[in-house]
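Visitor: Here's a sequence, model it:
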Amino acid sequence: MKTSMTINTSILRFLSVGIIVFSNSINAQRLKADKILKLAQEETPNAIQALQDFVAVSNVSTEMGQLEQNFEYSKTLVESLGFETKPIETKGAPVLLATKTVDTSLPTVLFYLYVNGHEREHKQWNQKDPYTLELKQQLPNGHWKTLPFENSSMPHNDWRLFGQSVANSKGPALALLTALKLYQKNKWKTAYNIKLLIDFQEELGVSSREQLVLTNKEILRSDYLIILDGIRDISNKPTISFGARGIVNATLTVYGPLESLDAGRYGNYVPNPVFKSSRLLASMKDESGMVVIKDFYKGIILNDLINAELANASMDPIELNKHLGIALEELVSNSYQGSLQYPSLNINKLQAGWTEKHAQTIIPDQVDIELDIRTVVESQPKHLIEVLRNHIIDQGFELIDGIPSKEDRALFEQMASLTYTIDSKPFRTSLSSTIRTLIDDSHQPLFGDQYVLVRTSGGSQPIASFITNLGIDAVSIQIPNPDSNLHTPNENLRIGNFIEGIASCISLLQTPIQ
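Guide: A predicted model of the protein is given here:
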């Protein structure tokens, strides 16, 4: 647990180290690309130190005490950058709104940041404590060597920072805050007014965030929304996503006998629900990977214009498959980016029988299956659940609510239950939107044509309610490397990505909205 004295000391260090002051105002002349990249490189050692302190604040989403610590840390940090702060109550942990007005006649950009994390087993990490940031270098044999942090004063682009939430998403948040620190210290004015919305339970659910926006529309009102979230395209080029798929989490339970039974006594007599489940799951996809549930892909049309947009982010499938360690991809579309334009059906958990260290010779009483369905704008969540329900029924299953009664068991040969939650809805901003101009004007000087515009990213974000209720366009600036181990142990952030992320934010803050 960090004390307020430790937090304040960390923030003072964050503000005071390594600042270069220019005599000319940024308002009079925009910084050139080489100057921005040099600034980002010079600020990186100080930003790494700040990230050490930030990661050290534990942030498991279900631990309210930890979230309160992160709230206070973030509040102190943004106030030190000259922002006015306001807590906004939600069903769970409050979110933090920070506002900085440079000129009331200018547009306003709302930045969405989040700093929550997932609970993970410490023993699965290749380090003692995931909340203690480690600097590592990859050796020729593929293993990672921990380096002393003294080396972070001159970090190499390919070194990595390993720690909880370093990529998802404290590192990206700190890239923006590092850029804002430069503006505040040098008394530069940003090209627009800024609002920061910092979320501490980002994955809480769409209903909570819908209510958050509806209740606070006026104070959240802005011209654009920029999200610091998501990982880069597999090419690791700077990536901006104009959309994200939604997610529906479903629990499918297939029932067997009243209780688990000894397989020696009852094998060949009592049907095993694992085989029933296997046949049911196999009926949902064909061998090419296409979902064969009727109307699952209904409404999806990729015309020439869309295919041209997808080509911007395409890469050689042979190289991609080699990177992923697969021989052949699923053939939902003719490219990786094309596949993200369709809803997906995934099994992320399947549990039956004895799942501990030693298997037991039993016929299990039920099979528990967790599904995640990624949704796109053309296919709404309730429609996909409905066609899934119809498919299960067509396979001969009786769908029941909860645990079957004795009467149910005597009547139906195949029984299952299906429940679901809509965790986030899909969104998509047109690549011809005016926010595209802001992105191009800020990124082209830095990276030329070596950045990627993605129509839809595969991940999910609780952003659709902001777009719908505030009536604004949104994009995600994606900083972490594609192999950052998001949502798994050994999460990491490549130094070169961190530097480019800081540079992107510096350039973005000086770019006028046309």
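Visitor: residue contacts, the nearest residue to residue 133 once chain neighbours are set aside?
Guide: Leaving aside its sequence neighbours, residue 133 sits nearest to residue 163 (CB to CB, 6 or more residues apart in numbering; 4.1 Å). All C-beta atoms are positioned from the backbone trio N, CA, C, and that covers glycine. Shown in contact with residue 163 (CB atoms under 8 Å, 6 or more residues apart in numbering): 51, 55, 130-134, 491-492.
Visitor: ok, the residues you listed vs residue 348, which is closest?
Guide: Using CB to CB, the shortest approach to residue 348 within the contacts of residue 163 belongs to residue 491, at 18.2 Å.
Visitor: Distance of the nearest residue to residue 464 once chain neighbours are set aside relative to residue 61?
Guide: In space, not counting the residues next to it along the chain, residue 464 is nearest to residue 425; the distance is 3.8 Å by CB to CB, 6+ apart. Taking CB to CB, to the nearest Å as the measure, residue 425 falls 20 Å from residue 61.
Visitor: Same question for residue 136.
Guide: In terms of CB to CB, residue 136 sits 26 Å off from residue 61.
Visitor: Kindly report the same for residue 312.
Guide: From residue 312 across to residue 61, the span is 34 Å (CB to CB).
Visitor: hey, where'd the strands end up in the stretch 351-500 of the chain?
Guide: For the stretch 351-500 of the chain, strands defined by DSSP state E, counting those that start in this stretch occupy the ranges 362-363, 366-375, 398-399, 415-424, 427-428, 452-454, 473-478, 492-494.
Visitor: Dump these to TSV, plus mean neighbour count.
Guide: As requested, the strands of the stretch 351-500 of the chain are arranged in TSV below (neighbours: other CB atoms under 10 Å):
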stretch	mean neighbour count
strand 362-363	20
strand 366-375	20
strand 398-399	15
strand 415-424	19
strand 427-428	24
strand 452-454	22
strand 473-478	24
strand 492-494	25
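Visitor: okay, now the domains of the chain?
Guide: According to automatic domain parsing, the chain comprises the domains 4-244+427-510, 246-300+342-424.
Visitor: Let me know the average pLDDT across the last one.
Guide: I take that to be domain 246-300+342-424. If you average the pLDDT over domain 246-300+342-424, you get 95.
Visitor: End to end on that domain, go ahead and measure it.
Guide: From its first residue to its last, domain 246-300+342-424 covers 5 Å (CA to CA, to the nearest Å).
Visitor: Give me the distance from it to the chain's centre.
Guide: 27 Å (CA atoms, centre = their mean, to the nearest Å).
Visitor: Confidence-wise, which helix or strand of this structure is lowest on average?
Guide: helix 4-16 (a mean of 56; mean pLDDT, DSSP states H and E).
Visitor: Next secondary structure after that helix?
Guide: Counting by DSSP states H and E, the element after helix 4-16 in chain order, helix or strand, is helix 33-55.
Visitor: circling back: comparing residue 312 and residue 61, which shows the higher neighbour count?
Guide: Taking neighbours as other CB atoms under 10 Å, residue 312 and residue 61 compare with residue 61 leading, 19 against 15.
Visitor: That one against residue 67, yeah?
Guide: Yes: judged on CB atoms under 8 Å, residue 61 makes contact with residue 67 at a distance of 7.2 Å.
Visitor: Quick check: closest non-adjacent residue to residue 420.
Guide: In space, residue 420 is closest to residue 250, 4.1 Å off (CB to CB, 6+ apart).
Visitor: who's in contact with that neighbour?
Guide: Residues in contact with residue 250, defined by CB under 8 Å, 6+ apart, are 370-373, 385, 388, 418-420.
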